[in-house]
Each structure stands twice: as C-alpha cells, then as structure tokens.
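Engineer: Provided below are the primary sequence and the corresponding predicted coordinates.
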Amino acid sequence: MNFRLYLIFFFTILLALQNSLAESISLLEKKAKYELAQFSASLLEKDSLHWRADKYSLSDSLKRALENEVRQGFFRSSVHIWRAHAASGMAYCAVLDNAIGKTQPITFLTITDTSGIILFTSVLVYREAYGGAVKGSAWNRQFFGKKTRNAYRVGKDIDGITGATLSVNALAKGYRKAALLGKFICQEKN
C-alpha cells in the first residue's frame with residue numbers, strides 16, 4: 001500500500017515538472033521572439049524579416065569541433081534556432097543556448113549574419129543570485145560586431161563585472177560558440 005502511494009506521489013511530481021518545463025520553454029520562446037522583433041525593427045535596411053523557428057540537431061563532429069574551439073560544452077545535442085532571409089539577400093541566424101555561470105545555466109540569444117559577425121546578444125534568463133549585471137544591454141553591446149575569429153578574452157577584449165567573473169567568462173565563450181554555430185547554420189543551404 002505504501003509503495004502505491006509512493007508511486008502516485010512520484011508520478012504526480014514528475015508530471016508537474018514536465019508541465020513546468022513545457023511552460024518554461026514556451027516562455028523562453030516568447031522572450032526570444034520579442035528580442036528577434038526588436039532586432040528586426042532596428043535594422044538599417046528595414047527589410048521585413050520573417051523568422052523561421054527550428055530545433056537544430058548538432059552532428060557529433062560539429063558539436064565536438066565547436067566545443068573544442070571554444071572550450072565550452074553544449075547542454076544537449078540540439079539547440080533552438082531562428083533563420084531569416086532579408087529581401088536584400090542577407091541571411092541571419094539566431095541561436096538560443098545555455099552556459100553555466102557559477103552553478104546555474106544562463107539562457108541567452110545570439111544573432112549573427114552569414115559571416116558569423118555578432119549583431120545582437122541578450123541574456124533571457126539569469127538564475128544566479130549575484131552577477132545579474134550581465135543581463136544589461138550596455139554590457140551585451142560590447143559583443144556587437146565581434147567576429148568568430150576575434151579574441152573574447154575577459155579583461156582585455158571583454159569588460160569584466162565585479163562579482164560576476166564566472167558568468168562573464170561563461171557568456172563570452174557562449175556568445176562565441178553561438179556565433180560559430182550561427183555562421184555555420186546561415187551558410188547551410190535549405
């Protein structure tokens with residue numbers, strides 16, 4: 001009898017967590033869509049961009065190559081992406097990814113063009129108790145225009161934030177990793 005109650009309790013908790021996760025992903029997608037709309041509105045060419053969402057599966061070789069290049073792993077073997085093609089022929093790619101701060105994942109969005117130049121970055125969810133300054137648009141703007149071959153060294157190329165050293169390092173690597181992936185995805189034919 002106690003075992004049955006335990007199983008019912010366990011599956012009730014599991015179902016609640018699954019529903020919570022689905023709501024969290026939905027909320028992240030809404031935040032990402034808002035940021036994509038903001039980016040689209042800010043373009044000088046004022047092309048009307050239509051973002052197409054997709055779940056991009058990373059091949060083992062691509063995943064390994066990017067992780068070795070940046071020295072930061074992916075959480076999963078797939079990431080959420082958005083692609084857009086402007087009337088001028090320009091292509092854009094947005095990558096939603098996570099990086100570990102001190103102990104918690106930091107969820108961020110990076111928008112690149114076909115050459116891997118970062119056009120926009122935003123921290124969508126910051127879960128740590130300290131270091132929330134990495135969410136600030138002023139701090140994130142320093143990545144705009146960075147290329148995949150640029151150095152992303154904190155303290156030299158990237159401004160550090162007192163009390164957020166691990167988060168700053170994680171995001172610098174994460175933004176570069178997303179730029180490399182964005183460049184690869186933008187150049188793919190589909």
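Structural biologist: It's in.
Engineer: Okay, now the unreliable bits of the chain?
Structural biologist: 1-23, 25, 44-47, 189-190 (pLDDT under 70).
Engineer: again, 90 this time
Structural biologist: Along the chain, segments meeting pLDDT under 90 span 1-51, 75, 85-91, 130, 149-151, 163, 186-190.
Engineer: What segments of it are strands?
Structural biologist: 52-57, 78-85, 91-100, 105-113, 118-126 (DSSP state E).
Engineer: Now do the longest one against strand 78-85: the angle between them, please.
Structural biologist: Translated: strand 91-100. Orientation check (axes from the mean of the first three to the mean of the last three CA atoms, to 10 degrees): strand 91-100 against strand 78-85 gives 160 degrees.
Engineer: List the neighbouring strands of strand 91-100 plus their orientation.
Structural biologist: Strand 91-100 pairs in its sheet with strand 78-85 (antiparallel), strand 105-113 (antiparallel), by DSSP bridges.
Engineer: if we can go back for a sec, with distance to residue 142 and mean neighbour count added, can I get the strands of the chain in TSV?
Structural biologist: C-betas here are computed from N, CA, C, even on glycine. Converted to TSV, the strands of the chain look like this (distance: least, CB to CB, whole Å; neighbours: other CB atoms under 10 Å):
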stretch	distance to residue 142	mean neighbour count
strand 52-57	26	13
strand 78-85	23	19
strand 91-100	16	22
strand 105-113	13	23
strand 118-126	9	21
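Engineer: for the ones you listed, which one sits closest to residue 184?
Structural biologist: Of all the strands of the chain, strand 91-100 sits nearest to residue 184, with 8.7 Å by CB to CB.
Engineer: Run the chain-centre distance for the closest one.
Structural biologist: 3 Å (CA atoms, centre = their mean, to the nearest Å).
Engineer: do stretch 74-86 as well
Structural biologist: Relative to its chain's centre, stretch 74-86 lies at 8 Å (CA atoms, centre = their mean).
Engineer: any idea how far residue 74 is from residue 60?
Structural biologist: Separation of residue 60 from residue 74 (CB to CB, to the nearest Å) stands at 11 Å.
Engineer: buried set for stretch 176-187?
Structural biologist: 176-186 (16 or more other CB atoms under 10 Å).
Engineer: in this structure, which spans are helices?
Structural biologist: 2-42, 60-70, 137-140, 165-187 (DSSP state H).
Engineer: still on that earlier bit, who has more neighbours out of residue 60 and residue 74?
Structural biologist: Using other CB atoms under 10 Å, the more surrounded residue of residue 60 and residue 74 is residue 74, with 20 against 8.
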